[in-house]
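In: Need a 3D model of the following:
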Amino acid sequence: MRIGLIFGTRPEAIKMAPVYLKLKEMNLETLVITTAQHRELLDQVLRLFQIVPDHDLNIMSNSQTLPTLTQKLIYEIDKIIQKEKFDYILVQGDTTTAFIGALISFYYKIPVAHVEAGLRTNDIYNPFPEEINRRLISVIASLHFAPTQRAKENLLREGIDETTIKVTGNTVVDALHWIKGNKTADMQKTREKYDLNNKKYILMTMHRRENWGEPMINVLKAVKIYLNENPDMYLVFPVHPNPIVKNLVHENLKEIENVILLEPVEYFELISLIDGCEYIMTDSGGIQEEAPSFGKPVLVLREKTERPEILETNLAKLVGTEAQNVYDHMKKLESYEFKNVTFQNPFGDGKASQRIIEHLIKTISNKH
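Out: All right, here's what the predicted structure looks like:
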């Protein structure tokens, strides 16, 4: 049995790492193909989980367009899949890497298993291009590992055969469990490293393509006003390396004294920053899944979320990117009380990767 894992961004690597570790633990032949769609951020996670790719395509280039990225991925992934003989290919989530990995696998009639299947906003431009990527993967995939019951129901509504869907939980919770078990000492040093031990701070991340330009400027305007009014509250912002994001953030926040702009942090450092913050402002999907494990409120800087389960915990609010609305919600969190809050993480129990591999082995065995 020969399994291929294809991923290219940090979130994919974080969520695929527990699957990789479980495959190795069970002595299954596993080949890792990384596209390095996000080079520096991906490498952090590979080091953390000690994953050495069998094929590293290194396709990242500055300010590349989606068509250029897609073209490169098709060419490079095609070469690898022609060369290697796989029984199954696993892709994760909704990146262009995941979609093209699934598409090329389909061209060679290699069955595809989709980790984190069934997330939907039902708006093809939010998030962009992820909503379409994941829908297209669902058409191709032979196995759908849905993180939640709601994700399964989304797939059923689209006509996906129920026998091909397995609800597993989200592997990001498995990754958190691994971090807590293996990197506790490193996590404790992080807040000291960034001089945050005696500071109250908001953790912020923002990078999504649909928020580039005016939406991000509006959010940063609200943040600026709030921080000027509250000099004792700090903002800690690990800034995404994309030049469009980096330039906007630095232009708008560089003169605010209680802002700490960081280069991209290691994953265990990000988890430590989540653990120590007052609350989180983000347009990230992964952080929406991680925050409930730490009981941290989240202001989701998006118009829609494909993870509505977090809204139902009452730990998160979908606030969009309009400046006044963002500011108003920041003010509300000054007196936030945990009323009717569910502290159990709705996205998993840390055993998703085990369920995925057991179901994958069973499926392959039944076909032989």
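In: where are the low-confidence patches of this protein?
Out: Within the chain, the ranges that satisfy pLDDT under 70 run 338-340, 342-343, 368.
In: got the buried residues for stretch 118-128?
Out: Neighbour-count burial for stretch 118-128, counted by 16 or more other C-beta atoms under 10 Å, picks out 118-121, 126-127. Every C-beta, even on glycine, is put in place using the N, C-alpha and C of the backbone.
In: oh, I was asking about stretch 259-271
Out: Buried residues in stretch 259-271 (16+ other C-beta under 10 Å): 259-261, 264-271.
In: care to break the protein down by domain?
Out: Domain assignment for the chain by automatic domain parsing gives 2-169+351-367, 185-335.
In: just so I know, which of these lies nearest Ala175?
Out: domain 2-169+351-367 (5.1 Å; C-beta to C-beta).
In: Any chance of the backbone angles for Lys72?
Out: With angles defined as degrees, to the nearest 10, Lys72 sits at phi -60, psi -40.
In: hang on, the earlier thing: just the closest of the buried residues of stretch 118-128 to Thr313, please.
Out: Leu119 (16.8 Å).
In: got the contact list for that closest one?
Out: If you count contacts by C-beta atoms under 8 Å, 6 or more residues apart in numbering, Leu119 has them with 93-94, 134, 147, 151, 154, 285, 306-307.
In: try 6 Å
Out: Leu119 makes contacts with 151, 306, as judged by C-beta atoms under 6 Å, 6 or more residues apart in numbering.
In: Asn27: neighbouring residues, count only.
Out: 7 (other C-beta atoms under 10 Å).
In: Same check on Pro67?
Out: For Pro67, using other C-beta under 10 Å, the count is 8.
In: which residues in the stretch 201-350 of the chain form strands?
Out: 233-238, 259-262, 279-282, 298-300, 316-318 (DSSP state E, counting those that start in this stretch).
In: brain fart, the stretch 51-200 of the chain
Out: 55-56, 88-92, 112-115, 143-146, 165-167, 200-205.
In: Throw these into CSV and include mean neighbour count and distance to Leu220, thanks.
Out: Shown next, in CSV, are these (neighbours: other C-beta atoms under 10 Å; distance: least, C-beta to C-beta, whole Å):
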stretch, mean neighbour count, distance to Leu220
strand 55-56, 18, 35
strand 88-92, 28, 30
strand 112-115, 27, 33
strand 143-146, 25, 35
strand 165-167, 20, 38
strand 200-205, 22, 9
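In: Same list (these) but as JSON lines, adding distance to Leu248.
Out: Below are these laid out as JSON lines (distance: least, C-beta to C-beta, whole Å):
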{"stretch": "strand 55-56", "distance to Leu248": "30"}
{"stretch": "strand 88-92", "distance to Leu248": "28"}
{"stretch": "strand 112-115", "distance to Leu248": "32"}
{"stretch": "strand 143-146", "distance to Leu248": "35"}
{"stretch": "strand 165-167", "distance to Leu248": "39"}
{"stretch": "strand 200-205", "distance to Leu248": "13"}
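In: Can you say which of the ones you listed is nearest to Leu31?
Out: Among the strands of the stretch 51-200 of the chain, the nearest to Leu31 by C-beta to C-beta is strand 55-56 (7.3 Å).
In: isn't His114 right up against Ile137?
Out: Yes: counting by C-beta atoms under 6 Å, His114 does reach Ile137; the two are 5.2 Å apart.
In: Look at the residue nearest to Gly101 when sequence neighbours are not counted and tell me its secondary structure.
Out: In space, and not counting its chain neighbours, Gly101 is closest to Ile6: 3.6 Å by C-beta to C-beta, 6 or more residues apart in numbering. On the three-state scheme (DSSP: H, G, I helix; E, B strand; the rest coil), Ile6 is labelled strand.
In: Distance of Ile6 relative to Asn27?
Out: Counting by C-beta to C-beta, to the nearest Å, the gap from Ile6 to Asn27 is 21 Å.
In: Tyr125 now?
Out: Tyr125 is 44 Å from Asn27, by C-beta to C-beta.
In: got the contact list for Phe106?
Out: Ile140.
In: Can we start the residue count at 39 from this point?
Out: All right, first residue 39 from here; so that's Phe144.
In: and it, how far is that from Phe166?
Out: Per C-beta to C-beta, Phe144 is found 23 Å from Phe166.
In: Contact partners for Ala136?
Out: Per C-beta under 6 Å, 6+ apart, neighbours of Ala136: 129-130.
In: Including distance to Val379, could the domains of the chain go into JSON lines?
Out: JSON lines is the format used below for the domains of the chain (distance: least, C-beta to C-beta, whole Å):
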{"stretch": "domain 40-207+389-405", "distance to Val379": "18"}
{"stretch": "domain 223-373", "distance to Val379": "5"}
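In: and Leu214, which of the ones you listed is closest to it?
Out: Taking the domains of the chain one by one with C-beta to C-beta, domain 223-373 is closest: 5.4 Å.
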